[in-house]
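1. have a look at this prediction, sequence included:
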Amino acid sequence: MNTDHNSGELKLELITKGVRLDRSALSSKEIVRALDIANQVHNPLELDLILPGKVLVNIAIQECLDKETNYRLIKEAEDFFVVNKDLKVKVYLEPPPKFYDQLTTSGKIMAKVGRKYGDYLLVTPTGACEFLSGDMACKYCDVDAKNTDDKSVQDVLETIEAASAEGAAEFVCINVGYISSDDGGISMVLPFVKEIKKNFDVLICVQAQPPKTDEWIDLTYASGIDSLAYNLEVYDEEIFNKIAPGKMSLVGRDRYFQALARAAKVFPSGAIVSNLIVGLEPVESTFKGIDILTAMGVVPTLPIFRPVPGSDLESHIDLTPESLSPIYVHLQNALKRNRLSSSWISHFNVVVNAIDAHYFGGEAPVKRQWPTVLKSKKRSKLALNLRRRLRVRTAEDNESTGL
Ligand code: SF4
């Protein structure tokens with residue numbers, strides 16, 4: 001059995017094809033607990049594996065992405081392995097965090113309040129995105145998983161407290177679907193941001209839809225949010241209109257570009273991101289999207305399209321390492337050309353990043369940069385707040401003088 005492998009290629013294979021659980025893995029205490037939590041929160045089972053080279057990958061189990069997948073997760077003695085007929089690779093299975101099955105004082109299971117993705121704790125404080133009730137859902141959206149209850153600030157604080165007590169996450173990512181208001185939902189997020197910043201020394205990113213006017217973007221930065229995502233999802237206009245009917249008719253593709261450009265002027269370099277889902281459009285279109293976003297100062301995040309069961313969406317490209325790998329090298333080169341750091345998103349486990357590009361012939365990654373960011377915030381919160389105000393003022397001044 002061959003133990004030689006390329007961790008970047010294996011990550012791509014596992015993301016696109018999924019893994020079947022062998023009986024030996026299924027009966028392990030880690031998987032039994034993960035299944036129990038997935039059932040309690042009515043979400044498909046996902047597992048985090050760490051491949052050799054510290055390559056983190058989030059794999060889908062229950063959706064069975066590729067019925068023919070040859071990859072199996074097996075357990076021998078205390079160790080897990082990913083195997084197929086030619087390969088046997090020892091992996092580390094991250095057990096579900098302990099806080100997942102704790103309850104908040106209001107009785108909510110914490111796995112429903114915050115989900116760990118790599119180093120991020122993802123919180124969706126509002127109920128369902130309004131696109132979902134208006135028949136305007138994005139076609140790639142996993143609607144059931146996103147149909148969540150409202151959470152109180154207290155629920156979120158208690159969950160962050162429990163997660164940080166076990167060192168489960170470095171960042172808090174607040175996710176907002178579509179809310180029909182001029183501010184893109186940012187006012188609803190602010191009480192959460194204020195209390196999180198007051199109680200924890202943690203970096204916060206927000207994923208939202210662009211607000212109607214730029215003042216809300218300035219306020220977003222001034223409020224203490226460290227990183228912001230307005231997700232375009234695809235660059236191709238025709239495909240965007242087809243797969244994101246709500247975004248197309250109620251926000252407009254142009255507004256995504258305008259808002260991203262403004263945010264990139266206001267926030268520090270590398271803090272503004274936007275998804276381009278790999279596979280939902282031809283590869284040339286993804287290349288174009290990467291070039292245009294990076295030239296604007298926006299870091300593209302490249303999740304790989306995973307078919308949602310029951311959806312009629314199909315991939316435009318072969319989801320194989322051979323066709324996917326040039327995309328990550330292209331991303332790495334574009335980030336370098338535009339002097340952008342991808343450190344904010346490098347440790348998000350559901351995407352392949354520029355940091356993985358060296359597995360496909362790109363350059364070796366620079367060392368992780370975010371702990372430095374974290375330390376400098378700790379050292380100089382006052383200076384950062386001052387810079388925050390100055391940066392908003394500078395962007396406003398440039399705007400008014402047409403620069
Ligand atoms: S914005 Fe689109 S992807 Fe996000 S929750 Fe709403 S429908 Fe789903």
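-> That came through fine.
2. can you give me the strands for the protein?
-> Under the criterion DSSP state E, strands of the chain are mapped to 20-21, 46-51, 55-60, 72-76, 79-83, 88-94, 114-117, 120-123, 171-175, 203-208, 227-230, 272-275, 299-301.
3. would you single out the least confident of those strands?
-> Of all those, mean pLDDT reaches its minimum on strand 55-60 (a mean of 81).
4. parallel or antiparallel, list what pairs with that strand.
-> Strands flanking strand 55-60 in the sheet, each with its direction: strand 46-51 (antiparallel) (DSSP bridges).
5. buried ones in the strand it pairs with?
-> Within strand 46-51, the residues that qualify as buried are E46, L47, D48, L49, L51, counting by 16 or more other CB atoms under 10 Å. The C-beta positions use only the backbone N, C-alpha and C, and glycine is treated the same way.
6. hmm, L250 is touching Y178, no?
-> Yes - assessed by CB atoms under 8 Å, L250 is found in contact with Y178 at 6.8 Å.
7. pull up the overlap in contacts between the two.
-> With contacts defined as CB atoms under 8 Å, 6 or more residues apart in numbering, the residues shared by L250 and Y178 are F131, M136.
8. neighbour-wise, which of these two wins?
-> In terms of neighbours (other CB atoms under 10 Å), Y178 is the more surrounded of L250 and Y178; the figures are 22 against 15.
9. who's in contact with the more buried one?
-> Neighbouring residues of Y178 by CB under 8 Å, 6+ apart: C129, E130, F131, M136, G185, Q209, G246, K247, L250, V251.
10. which non-adjacent residue is nearest the third one?
-> Think F131. When the adjacent residues along the chain are set aside, F131 lies closest to G246, with 3.5 Å between them (CB to CB, 6 or more residues apart in numbering).
11. repeat that for the first one.
-> If the residues on either side of it in the chain are set aside, C129 comes closest to G177, at 2.2 Å by CB to CB, 6+ apart.
12. what's the pLDDT at the one you found?
-> For G177, the pLDDT comes out at 87.
13. measure it to the ligand for me?
-> Distance, G177 to the ligand, using CB to the nearest ligand atom, to the nearest Å: 4 Å.
14. that residue touches T126, doesn't it?
-> Yes - if you go by CB under 8 Å, G177 and T126 touch, sitting 7.1 Å apart.
15. show me which of those two is the more surrounded one.
-> Neighbour comparison, G177 and T126: the larger count goes to G177, with 23 against 18 (by other CB under 10 Å).
16. that one: what's it in contact with?
-> Shown here is G177, whose contacts under the criterion CB under 8 Å, 6+ apart are T124, T126, A128, C129, E130, F131, L132, K146, G185, Q209.
17. quick one: those residues as JSON lines, columns for distance to F81 too.
-> Written out in JSON lines, the entries for the contacts of G177 read as follows (distance: CB to CB, whole Å):
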{"residue": "T124", "distance to F81": "34"}
{"residue": "T126", "distance to F81": "41"}
{"residue": "A128", "distance to F81": "39"}
{"residue": "C129", "distance to F81": "39"}
{"residue": "E130", "distance to F81": "45"}
{"residue": "F131", "distance to F81": "41"}
{"residue": "L132", "distance to F81": "39"}
{"residue": "K146", "distance to F81": "33"}
{"residue": "G185", "distance to F81": "44"}
{"residue": "Q209", "distance to F81": "42"}
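18. pLDDT check: weakest of those residues?
-> pLDDT across the contacts of G177 is at its lowest for K146, which sits at 56.
19. give me the beta-bridge partners of V206?
-> On DSSP bridges, the residues paired with V206 through beta bridges are I174, L228.
20. just to check, it is in contact with L228?
-> Yes - between V206 and L228 there is a contact at 5.5 Å, judged by CB under 8 Å.
21. the closest residue to Y221 other than its chain neighbours: neighbouring residues, count only.
-> Once its chain neighbours are removed from consideration, Y221 has its nearest residue in V266; the separation is 4.9 Å (CB to CB, 6+ apart). Around V266 sit 22 other residues, with neighbours defined as other CB under 10 Å.
22. OK, contacts around the closest residue to S315 other than its chain neighbours?
-> Ranked by CB to CB, 6+ apart and with sequence neighbours excluded, the top spatial neighbour of S315 is G279, at 3.9 Å. Residues counted as contacts of G279 (CB under 8 Å, 6+ apart) are I304, F305, S315, H316, I317, L319.
23. contact partners for E161?
-> When contacts are counted by CB under 8 Å, 6+ apart, E161 is found next to N199, F200.
24. for V206 and L228, indicate the residue with more neighbours.
-> Here V206 and L228 are compared on neighbour count by other CB under 10 Å; more neighbours surround L228, at 27 against 24.
25. so how far is I217 from that one?
-> 8 Å (CB to CB, to the nearest Å).
26. then I37?
-> Distance check for I37 against I217: by CB to CB, it reads 36 Å.
27. ok, the two, which is more surrounded?
-> Summary of the neighbour comparison: I37 and I217, criterion other CB under 10 Å, with I217 having more neighbours (29 against 18).
28. pLDDT at that one, what is it?
-> According to the predicted model, the pLDDT of I217 comes to 97.
29. show me the two of the contacts of Y178 that sit farthest apart.
-> Looking at those by CB to CB, the two members farthest from one another are M136 and G185, with 15.5 Å of separation.
30. of the two, which one has the most company?
-> For M136 versus G185, neighbours defined as other CB under 10 Å are more numerous around G185 (22 against 17).
31. so who does that one touch?
-> With contacts defined as CB under 8 Å, 6+ apart, G185 is in contact with T126, V176, G177, Y178, I179, A208, Q209.
32. can you tell me how far it sits from E158?
-> G185 sits at a distance of 23 Å from E158 (criterion: CB to CB).
33. pLDDT score for V113?
-> Per-residue pLDDT puts V113 at 92.
34. that one contacts K151, correct?
-> Yes - judged on CB under 8 Å, V113 makes contact with K151 at a distance of 5.2 Å.
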